[in-house]
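1. Sequence below, structure please.
(3 chains)
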Amino acid sequence: MINENIAEIRLGTASCGIASGAGAVLEKMQAMAGDFAITEVGCVGCCYAEPLAEVITKDGQSIFYGNLTADEKCLANIFALSEEGRFVEPEARKQKTLPKVLKLAGRINPVSIEAYKAVGGYEALAKAQAMSPEAIVNAIKASGLRGRGGGGFPTGMKWGFLAAKDSAEKIIICNADEGDPGAFMDRSLMESVPHQVLEGMLIAAAATGATKLFIYCRAEYPMAIKNLKIAIEQIKANQLNIVHGRELEIIIKEGAGAFVCGEETALIASLEGKRGTPRFRPPFPTDSGYHELPTMINNVETFGNVPCIIAEGAEAYASIGTANSKGTKIFALAGDLKYPGLVEVPMGITLREIVFEIGGADPEHVKAVQTGGPSGGCIPVELFDTPVDYDSLRSLGAIMGSGGMIVIGKNRCMVETARYFLDFTRRESCGKCTFCRVGTARMFETLERITQGEGTLEDIDFLETLGNQVRKGSLCGLGQTAPNPVLATLRYFKNEYLDHVEKHTCTALECNALVKVKLDQSKCVKCKLCIKTCPTGAIGEDFVIDPAKCTRCNSCIEICPKKAISRHPND
Amino acid sequence: MEKIKACLDKIAPEPGNLIRGLQAIQTSAGYVSDEAIKVAADYFKVAPVEIEGVLSFYAQFKRVKPGKYTVAVCDGTACHIKGSPLIMEWLSDALKIRPGETDAEGNFTIEKVSCLGCCSLAPVMAVNGTVYGKLDRKKVIRILKEYQNK
Amino acid sequence: MSNSAENTFEFILDGKTVQAKVGETVLEVARREGITIPSLCFNGKVSHTTSCFVCVVKDCKTGKFLPSCAARPAPGQEIDASGEEVKSMRKTALELLLSEHSGDCEAPCTMACPAHAAVEEYVRAGKEGNWLEALKIIKERIPLPMSIGRVCPRFCEKECRKNLYGKAVSINDFKRYAADLYYREYVETLPPETGKKVAIVGAGPAGLSAAYFLRRMGVAVKVFDQMPEAGGMIRYGIPEYRLPKRDVLDVELAHFKKLGVEFEFNAKLGENLDIETLKKEFDAVGIAVGCWKSSGIRCEGEELATAGIDFLRDNILKDCKAANPGKTIVIGGGNTAMDCVRTAVRLGAEEVSCFYRRTENEMPAEKIEIHEAKEEGVNFEFLVAPVKLRKENGKLVLTCQRMVLGEPDASGRRRPVPQAGSEFDTVADTVIAAVGQSTIMPAGVKVNKYGYAEVSAGNLVEDNVFSAGDCVSGAATVVEAVAGGRIMALGMQALFEGKPYAEEYKINVSRGAWRSMSTDDVVKISDSVSDSERAQLPLISLEERKTTFKEVAGTMSAETLQAEGKRCIECSCTDKHDCRLKKSAELCGACPTAICGAKNAKRIDTRHPEILQDTGKCIKCGICVKTCKEIIGKTLLSAQNRGFLTTIGTAFNAGLPTSCAECGACINACPTGALDWKDKSRRKI
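-> Next comes the predicted model:
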C-alpha cells in the first residue's frame, strides 16, 4: 500500500499546521500507514499550503503534498507517491530565499535530540566548548550579527559586556515574548527547531560565563513551550548543559500577555514576578539586571543564528548581507498576498523581491508594506527597491523590527491602519511614563476622530507634533516607536488623511462612518439571504438598506450570491 | 482553598515565581479569585495589593469566572487587515455580548487577543485554545453552533 | 580638599562648563548651578520612577531627551536644560498630564469673581465664626466689602455648584457681615513708605481700589474728584435704599483716610486740574473717571428725556428729597433702569413703568432687582421701543412701536424687530432714558475708537499714565471696577520697579460649570455638607420700601450665615497651595485645555475618616507606593491596571486603613491632591 520508494513521510504539525487541520490529517494518515511511522515535523514556512506533508524518497528526493484534508482519497496520493495533489514551491521563492537559520525547520522531528544531532546539531556547541570565551565572543563580533528582536544592537558587543563582568552568577535570557502582532518567526523556530535555539544559548553561556539561562516565552505559544521543555530534558539527559565545566540551569518562564515585556528591563521585572514596567537605563542589564545580577538578553532568532556562525565560521556568515547588516533575516509574510508564510532571505534583498517575487503579491493591488509591526512604519510601493537592512528601513521611517511584514492592499485605509496600530500600543503601554501613557491615548483619540470623519486639519498637525514628542519623550522602546505607524502614514499617505478631514471620504471604503452599503437592484435576484443575514434588520422587504440601522458589518455583502451589495462613499 | 494550595505545590515559594503560581491557579480554576489572591499572598509573601497589581497588568489573567468556552478573536495585524473586527461583530451579534463579556448562561466568553501567531491563516480565532483559520461569516457561525450543541 | 580630582569631572550644562561628582544626576548639578528644572515624580527620598518626564533635558550630541532626575552626566557630555525644544517637551508633558487630570484647582465661585477673591476661604472662615479672618481674606482683593457686600450682582453665586441642588450659597452676605462687624476698628498694617506718590483722578470704586492697594505697597496716594464727596457711582449712582450713604458708605470711605489716602474734591481734569502737571508732580497718574455720560434713546425728541444717571444723582444730592416725578416711564432694561423705577416709586410717583424692547428673559438687570421692582408696583412693558417723544399740553407723549424677537445678534441675544403699524402713544410726566452710559475722557488721555482709555498690560496708557474702571471697560459693576483698580496699582508698582508688568501665569483645572454637570460629578469631601435651603435676606416691609429710602435688605445674623456656610461644598482642591503639577505647569506655561481627551477614571474615595484618595488627580508617579514600601515598610498601595487605565489602588479596593492617619507619609509625598488630608487647613509637610 505504501510506495516502496518512500523512505520517510513528514507532516508539519506546528501551530499553523494544526490550525489548518493537521491534527485530524495526522490521525488519518497514521491509521492508513499502519506500522509505517509518520514523522511529525515543524514548519517549512509555506503556511499557505498547510497542512503540508513531505515525502522523502529512498533516492533522497523531496516531494510535497499540500492543502491536505483528513480524507482517504486525498491522503492516498501521498502513500502512492501520486502526481496528483503535489505541492510545488514557487520557483521564485526557492531561488530568492536562503534558509540558514530555518534550514532544519520542518525537516526534522523537533523533539528528537537524535534527529537534531543526526544533521550536525550540537557540533557547534562542541566546537565552542573547545574555544576560549574570548574567541567565541570575537567570532560573534566578526560575524556582524545584530540583534534580531528589532533593536539591531551588535550581538557580539553585548556578549562582550557580559563576559567582562566579574560575577559569580550571570544570567542569560532568551526573549521569546514575540508580541508583535503579525510576526511568528520566533514561534516557528521554537516549535520546529528548539534545540537550535537552545544550542545558541549554551554557546552564549560558554562565551560569557553565564550560570543561569532563562527563556521568557509567551503563554500563547503552548507548543513552543512544550517542545522547549522536552528539548531541555533531553539536553540535561545528554549533559549538554555542562559548559566549560559549569552546570547550567535552564528555566522556562511563561509571559502573561504584555507586549511591553519585550523591552529588556520590563522583561526582567516580569521575570522577577512583578508588573512588567520598564525602568530608565543605565544601568543596563549587563551591569544590573535580573535580581541585580549581570544579565544579557537576546532574541530567539538571534540565538538561532549562533550555531550557524560557530559551525560555518564568522567569515562565511559575514559574507552574506550588506555592509552593516550581515547574514539572513526571517520574515513573517502576511496580509494581502498569495503566499503568506515564513521566509528567510539574505540581508540586502529588496522589498520588491520579497513582496512580489517571493510573496506572489499582485503589483496592481499593493499599496504598501508594514515592517516592524506596531513599532514600525509603512513603506509605499514606490520605494520597494529599498534594500532590506537595519539602516535603510530606518531612514524610511520604518524599522526592521522582529520581522513581521504585512502587505497592505489598495483596499486598506492607511488612517485606519495607523489607528489600528495606535489602538494596540496604547492598550499595551505599561502606563508609567507620561508621553506614552497619555500621548498614545491622545493620538489614538485623534485618529478615531479622523476615521469617524470628524477630524480637522489641526488634528493632523497635532498628530505630527505630538507624535514626534512621544517618540522623543518616552521611557522605553514601546513609546519611542509607537508613533511610527502614524508618522510614516502621514509622510507617505497624507492625502488619505486630508480626504478624511476635508472631503469626509475614505477612498479605500474601509472607515465605516464614511461608508454606505448599497444594494444594486439590477443584480438582485430577491433571494432574501441578505434580509435573513442582516443582524440589525436594516434591509427592508423592498431590498433597500436603511443606513441608520446598517452597521456596515459586511454580513450581507459576504452572503449575497450575486455580489449585488457593496460599499460606497457616503453621499 | 485546598484546591488552590494544591496548584502551588510544585512551585517554590519565592516572589519571583508569583506569575507562575497565578498561572497555575488560573489554569485550574479558569480565573483568579479574591480568595486565591489571599492564598498566593501568603504563599509567595507578596502583599495582596501587589498581586492585584500584577494580575491587572497582564492581559492573560482573569478576575471573573469565564464561560465554558472562551472564544479568542485574534486581532493581530494580519487578522485585522483580513477583517477580524467583523468576526468580532458577528460573534457579538450571535451571542449578544461584547468583547470581554460572558453570556448569561455562562457558556461563552469572547475576547480580543493580540496575536495567535497564525498570521498566514488570517483571520483566525481560537475556542479554548483550538485555532480556527481562514474564517468567514459562515464558518464562524458554524463553529459557534458546534460548541453550542456540545 | 576632600573631593579628590578623580571623584569629579566636567561636563557642559546650558553651554557652561560645570563640575559634577561621580554619581550625581543632571538634576542635582543643575539645581546647584541655579538652573530651574521642574520635576514631579522624583523627590529624592525614594528610588527613581522616571515617569513624569517633566524634568527632561537634551543630550546635544545624540539629540536624545533624558529624565534629568535619573540621568547621570558623562565627562564632556553636552546637556541642554533650558533650550526651546526642552521647554516645549516639558510643556507637552505637563499638558498631557493635565489633559487626564480632573479636579478644580480653584472653586468655581473664586474663578467667577472678577476680583478673584478667595470665596471658598472667606465663606469657610465665616462658617467657623472667624469673621476677622474672613474680612482679611476678602480685603486681599476687595477693598470695598461693605458696599460690594450690598450691591454686587454676585458673579460667584451664579457659578456656585450648589445651584445643582437648588440655590447657591448666599456668598455675598458673608462679605457684608464680616465688614459690618469689623469695619470701625480694623485697620491694615501698612509697610514703610517707599517715597513714591501717585495721583488718582476719580474717587469711584476703581480709583479707591487702586489707592487702597497702592497704600498697602507703601505708595503715597492723592485722589482727585469732580464731586464734593468720594464714592463716584457708588455714591451718586446707586440709590440710598440699596446702599445707605451716611451709615454705610461714609464708614467704608473713612477707612481710606485711616490708611492715609489724601482727597481733593471739586477738582476736574481740563477745568481746575491739568494732566501734564499731575504727570510731572506725581510718579504715576491713574485715570478712573468712570462713565458719566448717559446715552440717548435715539429717536426724535430724545432731548426731552431725563438721563437715568442724572436722575439718580440729583436725588442723592438732594438727600433723597427730589421732586415727585409724576407718571414715569423708564426706558431700558439694565440695573440703572431698575434703580430709576424704584427711585421714582419712592419719590411718590403714582404710576411707574419700565419699557424694554426685548422680553424679560433678555433683560440685563439682575433678576432680584426686577423681582423687587415688580413687588413695589412697577409696571413692565416688554417688546416696545421708543420712536418719538414730544411735549403736548405740558405732558410728555411717548410714541412706541411693538417689537418681535428675530435672529440672535452679536451679543447672542435675539434681536428685536419692529412690527409695522404697531405704534401707540403713552402720556407721562417724566421719561427717563436708562439705555446705557459712556465715558467722557479728559483730553490728553489716549483713547480707542469707542472713546475709552486705551490700555495695555497693567492698565498702562502711556508714559506714567494708567487707567482703570468704567472708563476702560465701559459701564460695568463695582466689583469689576475694583478688580481693574488693583491691576492698575500692580501696573504702577511694576513701573516703579522698572519692570514690564507681567500678570502671574496661573492655571485652573475645572470639572466644569454646574450647568453641564450632574450631582454625580460633584465631589464632596466632607459628609457634613448641609442640604438646608438657602438663607433668606431679611427685607423691610413692602410699605416701607415704597415710601422710604431705607435700606431694603438687612444684614444676616452670624448664626444664619454660619449655618449657610455649612451648605458650601468646598469645591476647590485640597492641594491647591502645594500642588507640584500646578506649580510646574505655571512655571512652564502649560495650559490645562491645550490637549483634550478622556480623563482619568474618577474614583474618589472618602471612606477614610481623614484621608482623601482621588484617582482623577493621580499622575501615576508611584511615589506614594514607594514611600509606603521603602520608607514606612508597608505595602498598602500598588499600581493597578496598565496604560491609560493605570491607577493606584488598595487591597481589594478596601481603602487605606484608619491607622494610616498617624503616618501620612504618602500624602506628604504626593505631588498632587490625589492623596491628601480631607481637612483643608492641614497642609502637606
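2. Can you classify the residue of the stretch 1-150 of chain A at minimum distance from chain C as helix, strand or coil?
-> Across the stretch 1-150 of chain A, no residue is closer to chain C than residue A:150, which sits at 17.9 Å (CB to the nearest CB). Bear in mind the C-beta positions are built from the backbone N, C-alpha and C, glycine included. In three-state terms, and counting by DSSP: H, G, I helix; E, B strand; the rest coil, residue A:150 is coil.
3. Pretty sure it sits against residue A:375.
-> Yes: in terms of CB atoms under 8 Å, residue A:150 counts as a neighbour of residue A:375; the distance is 6.7 Å.
4. So for those two, which sits in the more crowded spot?
-> The residue with more neighbours, out of residue A:150 and residue A:375 and counting by other CB atoms under 10 Å in any protein chain shown, is residue A:375; that gives 27 against 24.
5. quick one: the more buried one and chain B, what's the gap?
-> Residue A:375 is 11 Å from chain B, where distance means CB to the nearest CB, to the nearest Å.
6. Just list the residues touching the closest residue to that residue other than its chain neighbours, thanks.
-> If the residues on either side of it in the chain are set aside, residue A:375 comes closest to residue A:481, at 3.6 Å by CB to CB, 6 or more residues apart in numbering or on different chains. Residue A:481 is in contact with A:372, A:374, A:375, A:376, A:399, A:471, counting by CB atoms under 8 Å, 6 or more residues apart in numbering or on different chains.
7. Can you tell me the element the last one falls in?
-> Translated: residue A:471. Under the assignment given by DSSP states H and E, the secondary-structure element containing residue A:471 is helix A:457-473.
8. close to chain C, is that helix?
-> Yes: between helix A:457-473 and chain C, judged by CB under 8 Å from any CB of the partner chain, the touching residues are A:466, A:469, A:472, A:473.
9. The third one contacts residue C:59, doesn't it?
-> What that stands for is residue A:472. No: applying CB under 8 Å as the test, residue A:472 and residue C:59 come out as separate, 11.0 Å apart.
10. Looking at those two, which is more packed in?
-> The residue with the greater number of neighbours, taking residue A:472 and residue C:59 and applying other CB under 10 Å, is residue A:472; the counts read 20 against 17.
11. Let's see the pLDDT reported for that one.
-> The score at residue A:472 is 96. That number is its pLDDT.
12. now residue B:4: how far from chain C?
-> For residue B:4, the distance to chain C (CB to the nearest CB) stands at 16 Å.
13. Keeping just the C-alphas, turn the lowest-mean-pLDDT helix or strand in chain B into CSV.
-> For chain B, the helix or strand with the lowest mean confidence is helix B:77-81, at a mean of 79 (criterion: mean pLDDT, DSSP states H and E). Included here for helix B:77-81 are C-alpha records, laid out as CSV according to Å, rounded to 0.1, in the frame of the first residue of the first chain:
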residue,chain,number,x,y,z
THR,B,77,-2.1,42.9,12.2
ALA,B,78,-2.6,40.2,9.6
CYS,B,79,-6.0,39.2,11.0
HIS,B,80,-7.0,42.8,11.4
ILE,B,81,-6.5,43.6,7.8
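14. Distance to residue A:487 and secondary structure for the contacts of residue A:481 - can I get that in a markdown table?
-> Formatted as a markdown table, the contacts of residue A:481 follow (distance: CB to CB, whole Å; DSSP: H, G, I helix; E, B strand; the rest coil):
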| residue | distance to residue A:487 | secondary structure |
| --- | --- | --- |
| A:372 | 13 | coil |
| A:374 | 13 | helix |
| A:375 | 12 | helix |
| A:376 | 11 | coil |
| A:399 | 12 | coil |
| A:471 | 8 | helix |
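15. Could you pull out the helices in the stretch 101-250 of chain C for me?
-> Counting by DSSP state H, counting those that start in this stretch, the segments of the stretch 101-250 of chain C that form helices are C:108-112, C:119-127, C:131-139, C:145-151, C:155-159, C:172-182, C:205-215, C:233-236, C:250-258.
16. Take those and write them to a markdown table, including distance to residue A:412.
-> Below are those laid out as a markdown table (distance: least, CB to CB, whole Å):
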| stretch | distance to residue A:412 |
| --- | --- |
| helix C:108-112 | 48 |
| helix C:119-127 | 55 |
| helix C:131-139 | 62 |
| helix C:145-151 | 65 |
| helix C:155-159 | 49 |
| helix C:172-182 | 63 |
| helix C:205-215 | 65 |
| helix C:233-236 | 69 |
| helix C:250-258 | 74 |
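17. okay, residue C:163: pLDDT?
-> Among the per-residue scores, residue C:163 shows a pLDDT of 97.
18. tally of neighbours for the closest residue to residue C:501 other than its chain neighbours?
-> Among residues not flanking residue C:501 along the chain, residue C:458 sits closest, at 2.8 Å (CB to CB, 6+ apart). When neighbours are counted by other CB under 10 Å, residue C:458 registers 20.
19. which residues does residue B:129 contact?
-> Per CB under 8 Å, 6+ apart, neighbours of residue B:129: residue A:222.
20. What are the buried residues along the one helix or strand residue A:224 maps to?
-> Residue A:224 is part of helix A:222-237, with elements assigned from DSSP H and E. Within helix A:222-237, the residues that qualify as buried by neighbour count (16 or more other CB atoms under 10 Å in any protein chain shown) are A:223, A:224, A:225, A:226, A:227, A:228, A:230, A:231, A:232, A:234, A:235.
21. can you check stretch C:657-666 too?
-> So, applying 16+ other CB under 10 Å, buried residues of stretch C:657-666: C:660, C:663, C:664, C:665, C:666.
22. Same question for stretch C:12-28.
-> Neighbour-count burial for stretch C:12-28 flags C:13, C:14, C:18, C:20, C:25, C:26, C:27, C:28 (criterion: 16+ other CB under 10 Å).
23. tell me the contacts of the residue in the stretch 351-500 of chain A positioned nearest to chain B?
-> Of the stretch 351-500 of chain A, the residue with the smallest distance to chain B, taken as CB to the nearest CB, is residue A:406 at 4.9 Å. Contacts for residue A:406 (CB under 8 Å, 6+ apart) come out as A:182, A:334, A:335, A:369, A:370, A:373, B:77, B:78, B:81.
24. before we move on, back to that, let's see if you can find the most crowded of the contacts of residue A:481.
-> Among those, residue A:376 has more neighbours than the rest - 30 neighbours, counting by other CB under 10 Å.
25. OK, contacts around that one?
-> With CB under 8 Å, 6+ apart as the criterion, the residues that contact residue A:376 are A:370, A:393, A:398, A:399, A:400, A:401, A:404, A:481, A:484, A:485, A:488.
26. Leaving out the residues flanking it, which one is nearest to the residue lying farthest from the centre of chain B?
-> For chain B, the residue at maximal distance from the C-alpha centroid (CA atoms, centre = their mean) is residue B:45, at 26.3 Å. What sits nearest to residue B:45 in space, not counting adjacent residues and going by CB to CB, 6+ apart, is residue B:15, at 6.4 Å.
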